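Peer 1: Starting from these lines, generate the structure:
(2 chains)
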Amino acid sequence: MGSEIHDKFSRPLVAITGCGLVTSLGQGKEENWSGLTQGRSGIRGITRFATDGLRTAIAGTVDFLRPSPFSAPALAIAMAIAAGEEAVIEADIARVGSFPGPLYLATPPAELEWPQRKSLWDEISESGSTGYQRLLAAARGRKHEDMASLFQFGSVADHLADRFGTRGLPMSVSTACASGATAIQLGVEAVRRRQANAVLCIGTDSSVQIEALIRFILLSALSTRNETPEKASRPFSKDRDGFVMAEGAGALVLEEYASAKARGARILGFVRGCGEKADDYHRTRSKPDGTAIIGAIRKALLDAGVGPEEIGYVNAHGTSTPENDKMEYLSLKAVLGDHLARTPVSSNKSMIGHTLSAAGAIEAVFSLMTIRTGKLPPTINYDMPDPEIPLDVVPNAARDAAITTVLSNSFGFGGQNVSLVLSSP
Amino acid sequence: MRGNDHENEVWITGVGLVSSLGEGAEAHASILSGEQPCAARVDEATFAPYPVHPLVPLTLSKQIPKNSDQRQMEGWQRLGVYAAGLALEDAQIKGCADLLDRMDLIVAAGSGERDTAVDCKVLEMSGASDSAPLRASEILPSALRPTLFLAQLSNLLAGNISIVHHVTGSSRTFMGEEMAGLSAIDNAFQRIAAGQSEMCLVGGAVNAEREDLLLAYELGHNLWRHSFERIEQRAQRGGGFVPGSVGAFLVLEQRRHAERRSARAYARVTTVGTDRVRRTNAEANPFACVSNLIDETVAGSTAAVFSGASGVAPVTAAELAFLDELKRRAEIEYMWPYGNILGHAVEAHFPAGIALAALAQHSGRVSRTLLGECPGRFSSVDRIIVTGVGHERGEGVAVIDGIPTRGANGI
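Peer 2: Numbers count the residues shown, from 1 in each chain, chains lettered A, B, ... in the order given. Sure thing, here's the model as predicted:
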């Protein structure tokens, strides 16, 4: 059995001592929480690039941070720094530049973008080589250090490790749309095996770029409600038509509870358990019987040592795609059973959109704030309930409720399923 | 951190290796032990001026039976799924539903492959320099194959391994060039040593025969652009790496779990250490973690180093000088940059080095022709230290020891 500083399995308890946020609703927890609990949407028409002729022209972009020169990795870094600083300052664990533990980072794959590819192309005269030979000749011609460093997969982690002074090898993880939750899971495991007393977990995503948008459009994954952007993300509604791409970052400082207590840290909550299960059915769809999602949720409850009836609220993955919301409901029903009818389940994505690699981290922070403030954020745009998904989605308006334990779900392409259990101090 | 706990020792029970030299554990083991001659296979023509180590031809259906699965992947994913299948087969886990259901999957991945013809079409049709995004939005929606978006996502190598081989306990993909491979091995080792995992399928794959991959590394002038030379020579002439197509997967398994199912073990991973030194800081020593671990582990043993040096200057020159110094002081017996035969496999390079070390431990001898000496001379194998120093960032080391003789502990 557990002691005050251990869980039921005699592992060190993992406390949350700081967190930070950036989403399309704004920068910082306060602005975000106020927007979220007022039911405000951060979704709008895309202005970053021309969307003429594209089926989807809306997103939850973060336009108030504008790194120069602009690129997706530069924005990912800027958002991660903003969220990370808020978390480290709140944890009051060290100077922002000398974090006493490792970095676990959820970040999207980095690739050369069209403006850069084109500028490279234009460096060499037309009469010379063609195709990629021309790009390679330009690359050979002079060193493009800035481009090279930004568009390597390790670059975002590298910048953040320098900025925060984290220890050891910064780990960049991708489990697609579950990455943010995986970053937290990596941190929890490191603390539990006493590899670190403190870890910094960050999820960041800046994928609203022309090619990523087109690719998601081609997968028929996105909402096309361009006329009413704020109404486009409608998780669990009968007329939901896809997710809305969005940007943001979430950061958490996790610490071994005993050492956090010893240094007099304010304990905001605990990560009680993490569960993970891979699906082998299809690259973008989950098994029709939901066994992989069910497996992830069950493993999270088991790891946390809590029963289904102890879950007071579910922060849903709730993407607003026809497929996800139905499968998530069926899986929750399978695990929580009759208790689901008494359990509020809402989707932050109805307001902030789908922040992809960052979603698990951002939604873990929102889950913690739900516990700390006793207020359930709503699922907005819930005008037409889907009769096949009979859930208390906290429709359209926030609600007061004393919650001690939250289940937060994250699922991703490639059969990635991760669930977290967070609880009050 | 060390796997001190006897039961939680980290054993290597499966090796799946595919490269320019051949496919499978045996093919690579026979090169290491000198039964097969070793000459690096290099293609200097196709991507001139960049030499690459081309992948040996594979019969994909042996590991990826469904054509529909093959069509959903690009080269790096097919290579990775193939190597992962070999590792599972080698560990006698392939097809064992209950084991696969519990097995943890850890992949080191880079970017997926681009459709270079579509890229060039967009660029050719773009006029003013700011119009590329506009052309992209006109051309890409009809030119791109939707399914191939999935071939571009880093975590879809893992996704395809789950689908084809049914490894579904958990699935994590690490990114960051060489740091991806270091992170993957580190994470597998730490979890097993701490009792957080019983067995992991861990590795990565790189398809070097791609212009978009070459472009990504040539932007920072990291590639070797002359006729092929060994890493030691390249480091003295400005440096650069020669990419190699490699798929490298390992089954790492908790000793107790391996013994319970009577698994054959090649070697054990005694220690893994990783770090990232800020190399812009002139005072910083990128080999601090390597040298600390070597200092701790070489005492009382005859160690050899399988170096993961890429060939990129100045970091490779510094690593080789550091290792030469250890050799001069007789702290190590020899040093071998294994990229000389595989090429540099970036994300998959560290896992590949550990795979080679495991094979060498198992056969018990290493041919000194690998070191450029005359045929017929061999070194016995005691302890092998595998280094992984990223061409730009990230450093790590793994210590690979033999399995203690069975019987001594009543095993």
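Peer 1: do stretch B:281-297 and chain A meet at all?
Peer 2: No: using CB under 8 Å from any CB of the partner chain, stretch B:281-297 stays clear of chain A, coming no nearer than 8.6 Å. All C-beta spots, glycine's among them, are computed from the backbone N, C-alpha and C.
Peer 1: Same check on stretch B:212-223?
Peer 2: Yes: applying CB under 8 Å from any CB, one finds stretch B:212-223 in contact with chain A at B:212, B:214-222.
Peer 1: Determine how far that stretch lies from the middle of the whole chain.
Peer 2: Per CA atoms, centre = their mean, to the nearest Å, the displacement of stretch B:212-223 from the mean C-alpha position of its chain is 19 Å.
Peer 1: what comes up buried for that stretch?
Peer 2: B:212-223 (16 or more other CB atoms under 10 Å in any protein chain shown).
Peer 1: three-state assignment of whichever residue of the stretch 301-411 of chain B sits closest to chain A?
Peer 2: Per CB to the nearest CB, B:R393 is where the stretch 301-411 of chain B lies closest to chain A, at 5.6 Å. Here B:R393 is coil, with the state taken from DSSP: H, G, I helix; E, B strand; the rest coil.
Peer 1: Next, the contact list for it, please.
Peer 2: Remark: with contacts taken as CB atoms under 8 Å, 6 or more residues apart in numbering or on different chains, B:R393 is in contact with A:154, A:158, B:176-179, B:276, B:279.
Peer 1: In strands, which of the buried residues of stretch B:212-223 fall?
Peer 2: In strands, defined here by DSSP state E, there are no members of the buried residues of stretch B:212-223.
Peer 1: Among the residues you listed, which lie within helices?
Peer 2: Secondary structure from DSSP state H places B:212-218 of those in helices.
Peer 1: excluding its backbone neighbours, what's nearest the residue nearest the centre of chain A?
Peer 2: What sits nearest the mean C-alpha location of chain A, by CA atoms, centre = their mean, is A:A359, with 1.7 Å. Excluding its sequence neighbours, the residue lying closest to A:A359 (CB to CB, 6 or more residues apart in numbering or on different chains) is A:G180, at 5.4 Å.
Peer 1: same check, this time on A:K8
Peer 2: By the measure of CB to CB, 6+ apart, the closest residue to A:K8 outside its immediate chain neighbours is A:G305, 3.9 Å from it.
Peer 1: Tell me the spacing between A:T370 and A:A364.
Peer 2: Distance from A:T370 to A:A364, counting by CB to CB, to the nearest Å: 11 Å.
Peer 1: Could you name every residue contacting both of these two?
Peer 2: Overlap of the contact sets of A:T370 and A:A364 (by CB under 8 Å, 6+ apart) consists of A:N315.
Peer 1: contacting residues for B:L323?
Peer 2: In this structure, B:L323 makes contact with B:305, B:307, B:332, B:335, B:387, judged by CB under 8 Å, 6+ apart.
Peer 1: Tell me, please, where in the stretch 1-150 of chain A the pLDDT is lower than the cut-off.
Peer 2: Along the stretch 1-150 of chain A, the parts satisfying pLDDT under 70 run over A:1-2, A:126-127.
Peer 1: At the contact with chain A, which residues of the stretch 251-400 of chain B appear?
Peer 2: Counting by CB under 8 Å from any CB, the residues of the stretch 251-400 of chain B lying close to chain A are B:274-276, B:278, B:390, B:392-396.
Peer 1: want to throw the residues you listed into JSON lines with pLDDT?
Peer 2: Listed next are those as JSON lines, based on pLDDT from 0 to 100:
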{"residue": "B:T274", "pLDDT": "95"}
{"residue": "B:D275", "pLDDT": "94"}
{"residue": "B:R276", "pLDDT": "94"}
{"residue": "B:R278", "pLDDT": "87"}
{"residue": "B:G390", "pLDDT": "96"}
{"residue": "B:E392", "pLDDT": "93"}
{"residue": "B:R393", "pLDDT": "94"}
{"residue": "B:G394", "pLDDT": "95"}
{"residue": "B:E395", "pLDDT": "95"}
{"residue": "B:G396", "pLDDT": "95"}
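Peer 1: Got a PyMOL select line for the buried ones in the residues you listed?
Peer 2: Buried members of these, identified by 16+ other CB under 10 Å, are gathered into one PyMOL selection as follows:
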select buried, chain B and resi 274+275+276+390+392+393+394+395+396
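Peer 1: can you give me the helices for chain A?
Peer 2: For chain A, applying DSSP H gives helices covering A:29-37, A:72-91, A:114-121, A:131-141, A:145-150, A:155-164, A:179-192, A:210-218, A:257-262, A:291-304, A:322-336, A:349-352, A:359-373.
Peer 1: Of all those, which one comes closest to B:A360?
Peer 2: B:A360 sits nearest to helix A:179-192 of all those, at 31.2 Å, using CB to CB.
Peer 1: Report the mean per-residue pLDDT for that closest one.
Peer 2: Helix A:179-192 shows a mean pLDDT of 98.
Peer 1: in that helix, what counts as buried?
Peer 2: Taking 16+ other CB under 10 Å as the basis for neighbour counts, the residues of helix A:179-192 that come out buried are A:179-192.
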